[in-house]
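> The following block contains a protein sequence and its predicted model.
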Amino acid sequence: MRKLYTMLFTLIVLLSIATSAEALESKITERHNGATAVASWTETNGKTTTDTYLSVTETDQGTDIYLDVYNWGSRFSSEKSGYLCTKDDVFSMDRKLNSASLSEVQIDVSDWNTGETETVTVKADWTGKGEVSQGSFRSSSRDGDYIYRSSDSSSSREALVTGSINGCNLGLNSCAWISQFKSAYISIEK
């Protein structure tokens, strides 16, 4: 019987040491992988210029799409913008950054001047050109018992892009790029 009490006591001591060690340290790790495609177009028709900006970012959580259309002339300006977050499979990118594609999606855009909202259909295709550039960044900081570490790496490439809103092709004067990224964050509190 005495052996049983000794074993139970030893087990309780070991469990309390393990629990207190676990309680003393808290660790949070986050990892994110994703792809981004960005494009801007400028088109001038008479005295009116239209600047259109489109960005698409796909992560494990879904795809975020942002659209901004700015019209301006000598006596007026207007801006419409909209945002869509979807879990649907609407965006794809080649692993070697040769191409990317946003299938037709509908986005609600609001006019900044009037507050009116309309739904537009957006589509775009990117074709990579030139060399692929690589980048990476690491950081670490400590404040007392708190430690934070992060690392980011990305590959990006300039691209040619064609796009349309409601079936109308956007201007030929464009600027675009496509990118893939990986990031990790670790925080430890002792």
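That came through, no problem.
> Surely Arg138 is within a strand?
Yes. Counting by DSSP: H, G, I helix; E, B strand; the rest coil, Arg138 falls inside a strand.
> any idea how far Ser99 is from the residue most central in space within the chain?
The residue lying closest to the centre of the chain (Cα atoms, centre = their mean) is Thr57, at 4.1 Å. Thr57 sits 17 Å away from Ser99, taking Cβ to Cβ, to the nearest Å as the criterion. C-betas here are computed from N, CA, C, even on glycine.
> so what's Lys47 up against?
Lys47 sits next to Gly73, Ser74 when contact means Cβ atoms under 8 Å, 6 or more residues apart in numbering.
> can you offset everything so residue one is 771?
OK, 771 is where the count begins now, so the last one is Lys817.
> Break down this protein into its helices, ranges please.
Assigned by DSSP state H, the chain shows helices spanning 772-794.
> Low-confidence regions, it specifically.
Counting by pLDDT under 70, the chain shows low-confidence ranges at 771-795.
> where do the strands sit along it?
Secondary structure of the chain (DSSP state E): strands located at 796-815, 818-829, 832-842, 847-856, 861-863, 869-881, 887-898, 903-913, 916-935, 938-939, 943-959.
> helices and strands around the second one, which ones?
With contacts taken as 3 or more Cβ pairs under 8 Å, 6 or more residues apart in numbering; DSSP states H and E, strand 818-829 sits against strand 796-815, strand 832-842, strand 861-863, strand 869-881, strand 887-898, strand 916-935.
> got JSON lines for these, with mean neighbour count and distance to Gly941 too?
As requested, the helices and strands packed on strand 818-829 are exported to JSON lines (neighbours: other Cβ atoms under 10 Å; distance: least, Cβ to Cβ, whole Å):
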{"stretch": "strand 796-815", "mean neighbour count": "16", "distance to Gly941": "3"}
{"stretch": "strand 832-842", "mean neighbour count": "18", "distance to Gly941": "11"}
{"stretch": "strand 861-863", "mean neighbour count": "19", "distance to Gly941": "22"}
{"stretch": "strand 869-881", "mean neighbour count": "17", "distance to Gly941": "17"}
{"stretch": "strand 887-898", "mean neighbour count": "18", "distance to Gly941": "13"}
{"stretch": "strand 916-935", "mean neighbour count": "17", "distance to Gly941": "9"}
